[in-house]
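K.L.:
What shape does this take:
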Amino acid sequence: MKLLSNNPALKLLIIIILGIIVGSNYNINGIILLYIIILAVILSIISLLFKKKFPAYLILGLTIGFCISAQLNYLSFKAPNKIIPTSTALLEARVVKTLKKTSYSYRYIVEGTVDHKSLPAIKNTSIILNIKGSNKKPFELFAGTDIACPVKIRLPHKAVLPTEINEEQYAASIDVQWIADATAKKISIIRRNKDINYYRELVVSAIEKKIDYLFSEKNFGIILALLTGDQTRVPQSLRREFSLTGTTHVLSVSGLHVGVIATVLFILLGIVRLKWLKLIIFTILVAAFVIMTGMQPPAIRAGIMAVLALTIITAQRRVSAINVIALSIILVIIFSPNLIYSMGFQMSAAAMLGIALLYNPFRRAMTNLVKIDTKISNYVISSFAITFSASLIVSPIVAYYFKVFSIISPIANIFIIPLYSIAMIFALMAVGLSYISIRLGLAYAASTDFLIDISVWFNKYLLKIPLSSLEGSITILFSVLISLGLLYILLSNSRKQFLFRLVVSVCVCYMALALYNGTTDIRGIKVYPRENYVAAIIPISDNKTFVLLSDRKPGQYPARDFSMEKYLLENPDSLLIGYTGNVGINITDKLKYRRKIKHFPVSLDVQKKIEKVLNLDTHLPQIIDIEKD
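P.N.:
Below is the predicted model of the structure:
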């Protein structure tokens with residue numbers, strides 16, 4: 001256990017994670033937590049008096065973990081595993097952040113009071129507010145604005161369908177408890193405050209105008225995402241293409257981009273002789289960039305890590321990458337426990353820990369295999385070692401969230417990451433120099449466009465390679481097997497051992513996948529309760545499925561369900577769809593123009609006969625329990 005003894009921050013992180021896992025299984029309230037802290041202090045003092053450092057260290061880590069888990073339990077709202085309908089409420093809140101804006105729709109994070117007719121007033125709560133405007137009369141709010149309006153409000157939904165986004169997890173990651181909808185004409189602006197969020201949006205708005213002027217229209221969304229963290233303008237098709245090659249992280253502000261900025265700042269601040277003054281300026285500028293880009297979880301982690309590293313260098317201490325990474329993760333989850341739920345933070349932390357732990361072993365093993373000592377070979381080996389060490393841990397997380405596994409990710413990252421790193425530096429120089437000379441700004445902007453165009457072309461070329469990526473639920477198993485196989489193969493000490501382990505890994509993967517395919521060919525009946533209707537998916541033969549869309553109430557508004565539409569569009573079977581009301585009719589209408597289906601209305605008598613065949617105890621439109629099979 002030399003790794004843990006040489007890296008106390010990593011050891012503390014593992015103990016804290018253990019404490020969080022244990023604490024999350026119990027409802028630790030404030031009084032119990034106080035007793036735990038007092039007992040921990042007493043036991044730690046006793047351990048130190050007897051010169052037993054490890055027990056004190058263990059108690060400290062577990063106590064921090066219990067505190068974090070108690071905070072997470074307090075912040076999270078344990079909603080019942082049922083469909084809870086949208087209801088009306090009055091909202092008085094302040095705009096904190098703009099998430100998305102188009103010509104007629106807007107999405108903000110607001111904080112304030114929800115006055116629900118069936119509940120006491122809920123104060124100091126965070127809400128994602130979706131606002132529908134008008135094409136004729138554009139509507140926009142800035143951060144810092146106090147508003148009041150009637151809203152339709154609901155709790156974030158769990159992901160029920162494979163095509164759904166897990167709203168509950170996303171909301172928890174950004175510390176949001178509600179999702180609300182409002183119309184622009186019913187919003188009253190109470191006052192406009194000029195806080196830090198307001199000034200951030202002013203700066204972002206000015207940068208957005210510069211980007212619009214300097215760069216080509218097709219690359220506008222990418223540049224905006226790189227410099228401000230606003231990913232809403234990146235085309236969905238482009239994002240999907242990059243996700244299939246495992247390079248989607250370059251399209252948003254991630255630890256990579258903060259690392260690039262930190263490196264440039266460190267070089268530029270080389271002229272500052274006073275070390276502590278350099279540290280202060282560096283910290284201010286890195287913090288300003290993180291705030292300007294919307295304080296994305298990976299950027300926060302990378303920013304803390306960069307400041308910690310320079311602090312250690314300034315104090316003339318030996319820098320341990322593992323300790324710095326572990327300590328930055330500890331600081332982030334102590335001050336913002338909700339970021340544990342953040343997908344971006346999880347992937348960023350996993351990638352950095354993977355690089356810190358596995359880069360050197362992988363590089364040594366690959367050097368022993370290649371045995372060519374040139375600058376090009378060293379660069380290629382180092383690039384592959386970084387990519388493999390990061391992908392090994394991140395790939396299962398990506399597969400879990402996105403159901404995508406990229407086989408060509410190592411090759412794509414080797415070429416695309418350097419291109420985007422240089423493009424980001426050129427983009428910053430283009431925007432900065434444009435205030436001095438428009439010609440200089442346009443020159444750097446043209447170079448940035450050229451680099452991005454090359455990366456997009458190369459990414460599309462890689463996608464033409466057969467089996468370049470896998471999609472679907474099988475990717476989770478495949479990513480875990482590939483990660484374990486890579487770990488087993490890349491730690492080989494000789495070429496013979498490398499070939500032997502490669503053959504063994506391929507055989508194990510093949511047998512596991514064959515077994516997986518054999519056990520997942522079972523087609524069962526699925527019942528999916530939705531807010532306005534209930535869908536019953538009933539296989540009737542090997543390639544034919546009957547879908548019953550049963551409205552909860554007669555004469556409902558014909559609402560759309562994009563997740564269900566996508567799910568049925570992706571179903572490979574021949575579909576026979578029956579509907580009982582307006583919502584079912586609307587979903588069927590959207591489907592019949594996009595794929596071949598058979599559809600017909602279902603009477604109440606026929607629906608009751610179907611319920612009897614399915615052995616349902618509850619009338620189908622009254623089912624509200626999620627995941628009822």
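K.L.:
switch to C-alpha atoms for all contacts and neighbour counts from now on
P.N.:
Noted.
K.L.:
residue boundaries of the strands in this structure?
P.N.:
87-101, 105-116, 122-132, 145-154, 178-183, 188-192, 404-406, 469-471, 526-529, 533-541, 544-551, 574-579, 597-601 (DSSP state E).
K.L.:
Which stretch among those strands is buried most, on average?
P.N.:
Highest mean neighbour count of the strands of the chain: strand 404-406, a mean of 27 (counted as mean count of other CA atoms under 10 Å).
K.L.:
ok now that one, how far from the chain's centre?
P.N.:
Taking CA atoms, centre = their mean, to the nearest Å, one finds strand 404-406 lying 15 Å from the centre of the chain it belongs to.
K.L.:
which residues are contacting it?
P.N.:
Residues outside strand 404-406 that contact it (CA atoms under 8 Å, 6 or more residues apart in numbering) are 243-246, 395, 398-399, 468-472, 475-476, 478-479.
K.L.:
What strands line up against it, and which way round?
P.N.:
According to DSSP bridges, strand 404-406 has the following sheet partners: strand 469-471 (antiparallel).
K.L.:
pLDDT check: weakest of the contacts of strand 404-406?
P.N.:
Note: of these, the lowest pLDDT belongs to residue 472, at 69.
K.L.:
want to try JSON lines for the strands of the chain, with distance to residue 423 as columns?
P.N.:
Formatted as JSON lines, the strands of the chain follow (distance: least, CA to CA, whole Å):
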{"stretch": "strand 87-101", "distance to residue 423": "24"}
{"stretch": "strand 105-116", "distance to residue 423": "29"}
{"stretch": "strand 122-132", "distance to residue 423": "33"}
{"stretch": "strand 145-154", "distance to residue 423": "35"}
{"stretch": "strand 178-183", "distance to residue 423": "36"}
{"stretch": "strand 188-192", "distance to residue 423": "37"}
{"stretch": "strand 404-406", "distance to residue 423": "24"}
{"stretch": "strand 469-471", "distance to residue 423": "26"}
{"stretch": "strand 526-529", "distance to residue 423": "46"}
{"stretch": "strand 533-541", "distance to residue 423": "48"}
{"stretch": "strand 544-551", "distance to residue 423": "49"}
{"stretch": "strand 574-579", "distance to residue 423": "47"}
{"stretch": "strand 597-601", "distance to residue 423": "47"}
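K.L.:
Identify whichever of these lies nearest to residue 52.
P.N.:
strand 122-132 (43.9 Å; CA to CA).
K.L.:
Let's see that closest one as PDB, backbone CA atoms only.
P.N.:
Provided in PDB are the C-alpha atoms of strand 122-132 (Å, rounded to 0.1, in the frame of the first residue of the first chain):
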ATOM      1  CA  ILE A 122     -41.300  27.200   0.200                       C
ATOM      2  CA  LYS A 123     -38.500  29.800   0.700                       C
ATOM      3  CA  ASN A 124     -34.900  29.800  -0.500                       C
ATOM      4  CA  THR A 125     -35.400  27.200  -3.100                       C
ATOM      5  CA  SER A 126     -33.800  26.900  -6.600                       C
ATOM      6  CA  ILE A 127     -35.900  26.400  -9.700                       C
ATOM      7  CA  ILE A 128     -35.200  25.900 -13.400                       C
ATOM      8  CA  LEU A 129     -37.600  28.300 -15.100                       C
ATOM      9  CA  ASN A 130     -38.600  27.800 -18.700                       C
ATOM     10  CA  ILE A 131     -40.100  30.800 -20.300                       C
ATOM     11  CA  LYS A 132     -42.000  30.900 -23.600                       C
END
